[in-house]
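Colleague: Below are the sequence and a predicted model for it; my questions follow.
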Amino acid sequence: MAANSHPADDSGIGRKGGQGLVLYDGICVLCSRWFRFVVRHDTERRFLFTAIQSDYGRVLALKLGIDPDNPNTNAVLLDDHVYLRSDSALAVLSALPSWGWTRIFRHVPKTLRDPVYTVIARNRYRLFGKRLSCDLGDAAFSDRVIS
């Protein structure tokens with residue numbers, strides 16, 4: 001899929017065996033680092049990315065019930081599921097080569113994982129910083145980003 005294109009309903013994105021899609025906050029320094037971490041470790045090229053600040057990301061966020069002006073979670077569409085909060089991070093990590101061991105954290109109850117995620121999400125700009133413009137990666141990632 002070319003950069004700056006929008007996935008069609010029949011594109012296979014998020015579907016079982018298709019590419020996953022990570023919706024992230026492109027002005028959040030922590031979230032941008034997460035995006036770059038996943039791109040570097042996703043040697044099988046399983047994931048595409050869209051920033052919440054992009055046209056497509058904004059529409060997707062609204063469909064998923066996420067406020068694009070004040071996002072409280074990222075989202076991952078993978079294998080016919082939408083993952084939010086701590087589940088989103090675990091879904092991505094466990095799908096990366098050499099990171100499958102992180103599946104063990106799914107046994108930690110969401111009632112413990114999600115509050116930690118929420119505290120970090122609520123304070124991410126203060127703790128990690130905020131970019132002046134959206135981070136869509138550089139030319140090396142352009143074929144992985146949907147804007």
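Modeller: Great, that's in hand.
Colleague: Tell me which stretches of this protein form strands.
Modeller: 20-24, 47-51, 75-78, 81-84 (DSSP state E).
Colleague: what mean pLDDT does the third one have?
Modeller: Translated: strand 75-78. Averaged across strand 75-78, pLDDT comes to 96.
Colleague: That one packs against which elements?
Modeller: With contacts taken as 3 or more Cβ pairs under 8 Å, 6 or more residues apart in numbering; DSSP states H and E, strand 75-78 sits against strand 20-24, strand 81-84, helix 85-95. From N, CA and C alone the C-beta is placed, and that goes for glycine too.
Colleague: re earlier: dump the strands of the chain to JSON lines, plus distance to I13 and mean neighbour count.
Modeller: Below are the strands of the chain laid out as JSON lines (distance: least, Cβ to Cβ, whole Å; neighbours: other Cβ atoms under 10 Å):
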{"stretch": "strand 20-24", "distance to I13": "5", "mean neighbour count": "25"}
{"stretch": "strand 47-51", "distance to I13": "7", "mean neighbour count": "25"}
{"stretch": "strand 75-78", "distance to I13": "6", "mean neighbour count": "25"}
{"stretch": "strand 81-84", "distance to I13": "12", "mean neighbour count": "17"}
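Colleague: still on that earlier bit, output the helices and strands packed on strand 75-78 in TSV, with mean pLDDT and distance to L112 appended to each entry.
Modeller: Shown next, in TSV, are the helices and strands packed on strand 75-78 (pLDDT from 0 to 100; distance: least, Cβ to Cβ, whole Å):
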stretch	mean pLDDT	distance to L112
strand 20-24	95	23
strand 81-84	96	16
helix 85-95	96	9
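Colleague: who wins for proximity to Y125 among the ones you listed?
Modeller: Closest approach to Y125 among those is made by strand 20-24 (14.0 Å; Cβ to Cβ).
Colleague: Walk me through which strands the closest one pairs with, and which way each runs.
Modeller: Here strand 20-24 is paired, per DSSP bridges, with strand 47-51 (parallel), strand 75-78 (antiparallel).
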